[in-house]
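A.B. asks: Got a sequence here, can you model it:
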Amino acid sequence: MGIQERREREKTERRMTILNCAKELILAQGVERLSMDGIARKAELSKATLYLYFSGKEVILNEICEESARIFLEHFKPFLETGITGVKALLHFWRGYVKQFGNSDEIIIIFRVRNFLYPGQPFVSLQKQKHSKSPFLETILTTMKTIIDQCKAEGIFDPNLDSEMATRLLLSMFSSSVDNAARMSGESKKTKLLLDEMRKTFQVIINGFAREGIDRSCLDISSPSADGRAG
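C.D. replies: Next up, the predicted model:
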């Protein structure tokens, strides 16, 4: 490895160290109390060195949000694979979400940062927006709409279902739940009660999407054997 390559690697590693330290501080003390001084101390850097990498707190917050979103998005790649039924993809989405929510703080970090940068604005609006500030969100919306359209084509969901609105309704439910959890402290944000309430809400919504007369047991998100076969 040449000198230039080594320097670039060191810069990348230091940049990630700074972001990770900022994330730890966000989880420990909240976004409001986050400061460049605190990040520099946590990363064991001089404040001058920190400013060589990031020009201010807001720049760090935006980078954290995008990086956390990229990490979270990795868990949705299986939903894009071919040869899987729409309902299987939908149930996989739910189970993957619960696993990610229970085992990682990335999604909590995203919401804490967004609540600070864009106070009062919902993560997902029930109204279609022409321009989104988040490519990450647009990818999730597109993926979920594809899954819902597939469920309609397979005869599981009502063919007259508005896929756009259904997509936003589902993701709005998820975002509202996570938003509430992000405002909690410690492990209380991941209680079994909270996950149970999310499961029940998700179940009610997708049951409401179902085609009339279908055996709704194929939509049971608590059953690992649900396979989305039409009745």
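A.B. asks: only C-alpha atoms for contact and neighbour calcs from this point on.
C.D. replies: Fine.
A.B. asks: And the longest helix belonging to the chain, what's buried?
C.D. replies: Counting by DSSP state H, the longest helix found in the chain is helix 3-29. By neighbour count on 16 or more other Cα atoms under 10 Å, the buried set for helix 3-29 is Arg14, Arg15, Ile18, Leu19, Asn20, Cys21, Ala22, Lys23, Leu25, Ile26, Leu27.
A.B. asks: now the residues you listed in TSV, with distance to Ile221 and pLDDT?
C.D. replies: Formatted as TSV, the buried residues of helix 3-29 follow (distance: Cα to Cα, whole Å; pLDDT from 0 to 100):
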residue	distance to Ile221	pLDDT
Arg14	42	94
Arg15	40	94
Ile18	39	96
Leu19	36	94
Asn20	34	93
Cys21	37	96
Ala22	36	95
Lys23	32	92
Leu25	35	94
Ile26	33	91
Leu27	30	86
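A.B. asks: Do a quick rundown of the helices in this structure.
C.D. replies: Using DSSP H, the helices of the chain run over residues 3-29, 36-43, 47-53, 57-73, 86-103, 106-117, 135-153, 163-182, 192-209.
A.B. asks: Compare those helices and say which comes out lowest on pLDDT.
C.D. replies: Lowest mean pLDDT within the helices of the chain: helix 86-103, a mean of 76.
A.B. asks: and it, C-alpha only, in CSV?
C.D. replies: Extracted in CSV, the C-alpha atoms of helix 86-103 (Å, rounded to 0.1, in the frame of the first residue of the first chain):
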residue,chain,number,x,y,z
GLY,A,86,-45.7,-10.5,-2.3
VAL,A,87,-46.9,-11.7,1.1
LYS,A,88,-43.7,-13.5,1.8
ALA,A,89,-41.8,-10.3,1.0
LEU,A,90,-44.2,-8.3,3.2
LEU,A,91,-43.8,-10.7,6.2
HIS,A,92,-40.1,-10.7,5.6
PHE,A,93,-40.2,-6.9,5.7
TRP,A,94,-41.9,-7.0,9.1
ARG,A,95,-39.7,-9.7,10.7
GLY,A,96,-36.5,-8.0,9.3
TYR,A,97,-37.7,-4.7,10.7
VAL,A,98,-38.4,-6.2,14.2
LYS,A,99,-34.9,-7.9,14.2
GLN,A,100,-33.3,-4.6,13.1
PHE,A,101,-35.2,-2.6,15.6
GLY,A,102,-34.4,-5.0,18.4
ASN,A,103,-30.7,-5.4,17.7
